[in-house]
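> Sharing a model that was predicted from the sequence below.
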Amino acid sequence: MVALQVAGITLAYNRQPVLAGVSFDAFAGELIGLVGPNGSGKSTLIRGVCRRLTPKAGSVRVCGLEVAAIKRDELARLVAVVPQTPYLPESFTAWEIVLMGRTPHLGMLRYESARDNSIAWSAIELTGTRHLAARRVGELSGGERQLVLIARALTQEPRVLLLDEPTAHLDIKHQTRMLDLVRRLCREQGLACVAALHDLNLAAQYCDRLVMLGGGKVRAHGGVEEVLTGENIRDVYGAEVCIGRHPTTGLPVVLPSIDGLGEHLGRALPAARSP
Amino acid sequence: MSTIAATRGVQAESPPIQRWRTRAIAGIGLCVVLLAVIIAAASVGSADIPLVTTWRIVVSKLPFVDLASGASASAETIVIDIRLPRVLLAGLVGAALAIAGASYQGLLRNPLADPYLIGVSQGAMFGAVVGFLLPFQGELLGIGVVPVLAFGGALLAVAIVYYLARVGKTVPVATLILAGVAVGSMFSGVSSYLILKSGEHMPGVMSWVMGQFSLTSWDEVVIVLPYVLIGALVIWLHARALNVLQLDEEQAEQLGVNVERVKLVLLIVATLMVAAAVSFCGIIGFVGIVVPHAARLLWGPDHRSLLPLSMLLGAIFLIISDTLARTLLAPTEIPVSAVTAFFGAPFFLYLLKRRTVLLW
Amino acid sequence: MALIVVAAALGLCSGCGDDQSTPTGATTQQAELPVTLTDQLGRRVELPGVPQRIISITPANTEILFALGLGERVVGVDDTSNYPAEVLDKPRVGAYYPMPDLEKIVSLEPDLVLAGTEQEKEVIPALEERGLKVLGLDAVSVEELLEGITLVGSATGAEARAQALVSDLSARVEAVSGKTVALPETEYPRVLFVVWHDPIYVAGSGTFIADLVAKAGGRNIATDISGFDTMTLEAVLDRDPQIVVANVGHAPGEDATFQWARDEGRLSTISARKDGRVLAIDADIVNRPGPRAIDALEELAHMFHPDLFP
C-alpha cells in the first residue's frame, strides 16, 4: 500500500527554488533514506512533505489524501515528524512531551483518556524510554531526547514517519540503536518512514531504498546497490570514493578514495591492494 | 488501523498521575486559603470592628437569612460596601493579572513576559491621564471617564503593537515583543509629558499609576467579574495548546495546532482581561510576572494546572497586599504596587533558592 | 523728619486699598544698605538695594506683594497667579511647579524673586545659578504667614506697610481664635478637609490648612496623618466627621471633590451628610498662604461655629 506519494514538487523559500520536480513513493513498512550533500535540500523536502513549506508545484499525497487540502490536525494524525534539533521546554517531563503526541486526536475540551495514556505508554515501551519518563527533558542527553521525540511521533499514530537527521550528534552506539529501532518500528507498525541521513553507510545498512538529492533535483533513487555507486557519488557529491562490501551484510560500504591521499599525509603508503 | 493501540503497554502507576493528584490537592488547598484570606481581609481595617460583628453583618446580608446584625449603620457600610468589594476586586484583579501573565509567558515563550510587556499598561496610563485632564468628569455608561479611557487606551496600544508586528500572515514572537517595547515607550513618553502638565491633578494621576483600590465599589466588581471569569475560561480551554506551544512553533504546527489562531485568541483575551483590571485600579506590578513563576516552580509547567493555580495564588497575593496597604499605616494608605514589590521580591528569591528545579 | 516718615507711611497706607497711582512708591525710607535677611527656608539672602523689579513665582506671594502696595514693582508672575485683578496684565513666567520658565525670568531682569516651599529643591538653586536673588517663604501656620509678610516688607523697603497689614490681619485672627480658644474641646466639631477624592487626599497635621482648621475651632480628624496624604474611606466613615470641607476651583469640573463628598453613597451615614454640612471653600483662598487665608479662616469659623461667627 502506498502510504506516501510525492509527485513533481517544487520547493522554494523565496524566489529561488531549492528543489524542483521531486518525485518518489514510500510504502508501508519500508524505510526510505534521503541522502545528498549539505544543502541539497533534505530538510527542505521533509518540510515540504509535512506541509511546513507549501510546494510551489506538484502534489503530496498521504494515504491517497492530498496534503494541501486536508486540515492541520488531520494531517498530524497521518504524518509525524521527528525534527533534527528541536527546542524542548526544559521543565516538562519526558512523559508530558510524549503525551503531546495525542494532541491531534484530542479537541480543545477533551482530556487525555485512559486509551490516550496507554498509547503514549506503549510508545515509551517501544522506544525503551521507560526509565526516562519521569525525568525532566532538560536533564536528558541528545540521544535520549531523540528517543523521546520518536516516542512522541509514535503516539500520534501516524501512517508516515519523517525523520530529519535523527543520527546527527549521536555516537556510533546510539546511531545504530536509533536506526535499528526506527527500522523495527517501520516494519512492526506498518509505517512508511522517510529519514534524511548524512551518513551514507548508515543509510546503506538500514534503508530499504534511497533517494539521492543533488543540484536541486533527484539524482538517483532505488535500491541501495543502484544508488550507491562511485559514479553517482562523484556526480552528486563531487568526491572520489571506493565502494566496498560490508563483511556481514554484503551491502555497499562507501569509503573515501586514498589515491593522492598519501601526499597530503606526507608519508609513504603501503601498496594499494586490489579490491 | 494503527497497531500501536494493539500493543498493550504496562499500565504503571506512573509518576504523572501522582503529580496530578498533588496539583488537585494544591488547588483545593488554595481555594480554602483564598476563602480564609477574604474573610480575614474583610475583618481588618482602619475601623476597629470585632470579628464577631463582621460575621454577623455578613451573615445578616445573605439571602434567605432573617437576622439583624445589631451593628451600627457605619459598621455595616464599612464591611459590606467598603471592605468586601475592595477585597473581592483585589482578588479578581490578582487572578486576572496572574493568568494573563502566565498566558503571555506561554504565548511569547519568555519567562520575563508580564501582562504589560506589549504595551497594555502604557496604553492604559495614557488613556487615564487624558481622562484626568479632561474638563469633563462625568460618567459614561455609569462608569467614570478615567476607566473608560484607560480601557480604550490599553486596547489601542495593543492593536497598534499587533499590526506593527505582523509579518505576512504570522506574528513572530520576537517582533511582537520588540513592537511592544517600542509602542509602550511611545505611549509612556506622551503620558509623562501630560502628567508634567497636569499640575494640580498630579496626585490623583500618580496614585492611579501606582495602583490603588481606594474607592472600589460593588459596581466595579460587577463590571470586572465577567471579564475575568470568561477570559479565564477561554484561556484555560487553550491550556493544552499552550503546552504544545512551548515546543517551537514548527513542532506545534506539526502536532496539528493552529499556532497563529491560538496566539491571536490568547493575545486578545489576555489583553482584555488586563485592560479591564488595569482600567479600574491602575497599574499593579509584580503579580503578573512573579505569581506564574511561583506556581510553575511549585506545581509544574503544565498549563492545565498552572493557569487555575496561578489565578488562585494571584488572588490571594493581591488581597493580602492590598490589605497590608490599607492597614500598615492606617488611616493612610500605601500604594499597592509598593507592597506587591516589597513582599513579592524576597518571596520569589526564597522560592528560587529552595528548589533546584529548572525554571522554564 | 519724623513727621515726613509718618506722613509717607500714612500716604502709603491710604493708597494700598485702591489702584496704585503713586509713582514715587519706589523711593521710601530704607534702614541700611545692603540688607541681609534669613528667609523662611533658612537661607541667607543679601539684597544690595531696594528691589524695584520683583517677580513672584507662587500665587500666594503675588497676593502678598500686591497687598503691600508693591504691585507697580511686580514685573512678572507665575501662570497660576490670578488675584488681584491687576495681576492679569502682568507678564507670565510659567508654571510654579515643577519649573517656571527660567529664561523668561532672567530676561525680565528682576532684582528679587519670591518663591515658595515646593520650589526649594530645584527651582531656587536654578535661579541662583543664574545670579538672581531669591527669597523663599514657607508658612505652615498663620503665625508663619504673618512673619513672612513682615519679611517681604523688610526686603522691599515696605516695612511700615507690612506692619500695618500684619496688625490688621492679626486683629482679624484674634477675633476668631480668641473666641474659639475659649470654647471647651467638646464644642469643637469633628472636621475633615478633603483635597482630592480618588484616592481621598486630606489635610493632615503640619499643613497650613490644619492650622486654619484648628484656629477656626475645628477638630481635624486627620491629625494622625502628617501632611497631605491619603485616607481610607473606611477611616472617614469610622471617624464620622460632622463637617466635611472640600476645596473647589473655578473652572468647570473643578468641584469634583465637593460633588463626590456630597454624592458618595457610602458616606450617607456620616454626620456631615445627615446634617447637610458638606461645604465647599474656594481653593484659591485656602491653599495659598497669603493675606486671603485670613478670609478663609473667617469662612471656616463661620462653617464650624455659625452661632459665634454669623
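That came in fine, so what should we check first? Numbers count the residues shown, from 1 in each chain, chains lettered A, B, ... in the order given.

> Tell me where the stretch 1-150 of chain B is predicted with low confidence.
Per-residue confidence for the stretch 1-150 of chain B (pLDDT under 70) gives these ranges: B:1-16, B:136-142.

> would you list every one of the strands in it?
Read by DSSP state E, counting those that start in this stretch, the stretch 1-150 of chain B holds these strands, from start to end of the chain: B:139-140, B:143-144.

> do the same with the stretch 201-310 of chain C
Per DSSP E, counting those that start in this stretch, the stretch 201-310 of chain C carries strands over the ranges C:219-220, C:228-230, C:243-248, C:278-282.

> State the mean pLDDT of the shortest one.
In this model, strand C:219-220 carries a mean pLDDT of 94.

> so how far is that strand from its chain's centroid?
20 Å (C-alpha atoms, centre = their mean, to the nearest Å).

> That strand packs against which elements?
Where contact means 3 or more C-beta pairs under 8 Å, 6 or more residues apart in numbering or on different chains; DSSP states H and E, strand C:219-220 is packed against strand C:190-197, helix C:208-215. (Each C-beta comes from the backbone N, C-alpha and C, glycine too.)

> Return the most buried member of those.
helix C:208-215 (a mean of 25; mean count of other C-beta atoms under 10 Å in any protein chain shown).

> Any chance of JSON lines for the helices and strands packed on strand C:219-220, columns distance to residue C:181?
What follows is the helices and strands packed on strand C:219-220, written out as JSON lines (distance: least, C-beta to C-beta, whole Å):
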{"stretch": "strand C:190-197", "distance to residue C:181": "16"}
{"stretch": "helix C:208-215", "distance to residue C:181": "8"}
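
> quick one: which of these is nearest chain A?
For these, proximity to chain A was assessed by C-beta to the nearest C-beta; strand C:190-197 is nearest, at 46.0 Å.

> Return stretch C:258-266 as CSV; C-alpha atoms alone will do.
What follows is the C-alpha trace of stretch C:258-266 in CSV, where atoms were taken according to Å, rounded to 0.1, in the frame of the first residue of the first chain:
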residue,chain,number,x,y,z
PHE,C,258,-17.1,68.5,46.5
GLN,C,259,-19.6,66.6,44.3
TRP,C,260,-18.1,63.4,45.4
ALA,C,261,-18.3,64.3,49.1
ARG,C,262,-21.9,65.2,48.6
ASP,C,263,-22.9,62.2,46.4
GLU,C,264,-20.8,59.2,47.5
GLY,C,265,-23.4,56.7,48.6
ARG,C,266,-21.2,55.1,51.3
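
> Report the buried residues of that stretch.
Under the neighbour-count criterion of 16 or more other C-beta atoms under 10 Å in any protein chain shown, stretch C:258-266 has C:258, C:259, C:260, C:261, C:262, C:264, C:266 buried.

> And stretch C:213-223, by the same measure?
Taking 16+ other C-beta under 10 Å as the basis for neighbour counts, the residues of stretch C:213-223 that come out buried are C:213, C:214, C:215, C:216, C:217, C:218, C:219, C:220, C:221, C:222.

> Of those residues, just say which sits nearest to residue C:69.
For residue C:69, the closest of the buried residues of stretch C:213-223 turns out to be residue C:215, at 26.6 Å, with distances computed as C-beta to C-beta.

> separation between the closest residue to that closest one other than its chain neighbours and residue C:301?
Closest residue to residue C:215 apart from its sequence neighbours, by C-beta to C-beta, 6 or more residues apart in numbering or on different chains: residue C:177 at 4.6 Å. Distance, residue C:177 to residue C:301, by C-beta to C-beta, to the nearest Å: 9 Å.

> Now for those two: what residues contact both?
Taking C-beta atoms under 8 Å, 6 or more residues apart in numbering or on different chains as the contact rule, the neighbours common to residue C:177 and residue C:301 are residue C:215.

> The two - which one has more neighbours?
Ranked by neighbour count (other C-beta atoms under 10 Å in any protein chain shown), residue C:177 and residue C:301 place residue C:301 first, with 23 against 17.

> If I follow the layout properly, the more buried one ends up in contact with residue C:176?
Yes: contact status for residue C:301 versus residue C:176: in contact at 4.7 Å, counting by C-beta atoms under 8 Å.

> Output the below-cut-off pLDDT ranges for the stretch 201-350 of chain B.
By pLDDT under 70, the weakly predicted segments of the stretch 201-350 of chain B are B:201.

> where along it do the helices fall?
Read by DSSP state H, counting those that start in this stretch, the stretch 201-350 of chain B holds these helices, from start to end of the chain: B:202-210, B:218-237, B:239-245, B:249-254, B:259-281, B:287-299, B:303-327, B:336-354.

> Next, the closest residue to chain C within chain A: phi, psi?
Across chain A, no residue is closer to chain C than residue A:91, which sits at 41.0 Å (C-beta to the nearest C-beta). In this entry, residue A:91 is assigned phi and psi values of phi -90, psi 0 (degrees, to the nearest 10).

> Run through the residues of the stretch 101-250 of chain B sitting next to chain A.
B:237, B:238, B:240, B:241, B:243, B:244, B:246, B:247, B:248, B:250 (C-beta under 8 Å from any C-beta of the partner chain).
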